[in-house]
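1. Prediction below, plus the sequence it came from.
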Amino acid sequence: MSGTPDLRDKVVESRGFLKKLQLSIPGLREYRKLEDIRAADELLRKQVFDKMDGAKSRLEALRKAMADKGDFASLTQIGSAISQLQQISGEVLHAQQGAAGISPNIRIDENALNKLYEYDYNFVNSAEQVFSVTDAAVSEYMGGTTTSQAIAIKVSQILDDFKHAWQVRMESVENILVTK
């Protein structure tokens with residue numbers, strides 16, 4: 001993905017003395033590596049959340065502009081899209097990461113956590129697309145080149161696609177968490 005660095009590398013680069021020491025101790029080496037992947041994944045999901053939250057803010061601005069113009073026909077649809085964005089961004093931010101722990105109940109290996117990271121890495125592009133569509137739609141509405149109803153339909157479609165991809169990710173996580 002262009003423009004978005006692999007945060008796993010950033011987390012590794014920022015290891016302090018204690019984390020580097022943990023890597024040299026056989027019992028802690030694996031734990032440290034897994035925790036670093038989890039930290040990178042958490043940072044990545046925060047980026048996705050921020051983009052989705054930005055898209056929600058754009059739709060809220062659209063809703064206000066619609067009300068100011070007396071365009072009440074699609075307020076409910078835009079409100080629904082705002083609600084969907086809020087829900088999915090919360091799910092992204094608080095999603096299951098897989099527990100690395102020193103002695104976890106279910107062992108998650110490095111390959112499984114890397115797979116999870118790759119899923120989430122792809123969501124950065126999806127979140128950017130959601131933001132771009134909402135931002136462009138608001139500009140088009142303000143410029144009078146599209147209707148609120150057309151925007152509601154476009155945003156609903158892109159959110160449906162995002163939610164479907166997120167569901168695939170969650171199913172993958174569930175499979176990761178139950179296999180050894």
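-> Here it is on my side, so go on.

2. other SSEs contacting the longest helix along the chain?
-> Ranked by residue count and defined by DSSP state H, the top helix of the chain is helix 26-69. Contact here means 3 or more Cβ pairs under 8 Å, 6 or more residues apart in numbering; DSSP states H and E; on that basis helix 26-69 packs against helix 7-13, helix 17-24, helix 75-93, helix 110-143, helix 148-178. C-beta: built from backbone N, CA, C; applies to glycine.

3. Go through those and find the least confident stretch.
-> Comparing mean pLDDT across the helices and strands packed on helix 26-69, the lowest value falls on helix 17-24: a mean of 55.

4. My understanding was that Phe72 contacts Arg63; is that so?
-> No. Using Cβ atoms under 8 Å, Phe72 makes no contact with Arg63, being 10.4 Å away.

5. more crowded one of those two?
-> The neighbour comparison of Phe72 against Arg63 (other Cβ atoms under 10 Å) goes to Arg63, with 19 against 10.

6. who are the neighbours in contact with Ser148?
-> With contact taken as Cβ atoms under 8 Å, 6 or more residues apart in numbering, Ser148 is in contact with Leu62, Met66, Asp71, Ala73, Ser74, Leu75, Gln77, Ile78, Tyr141.
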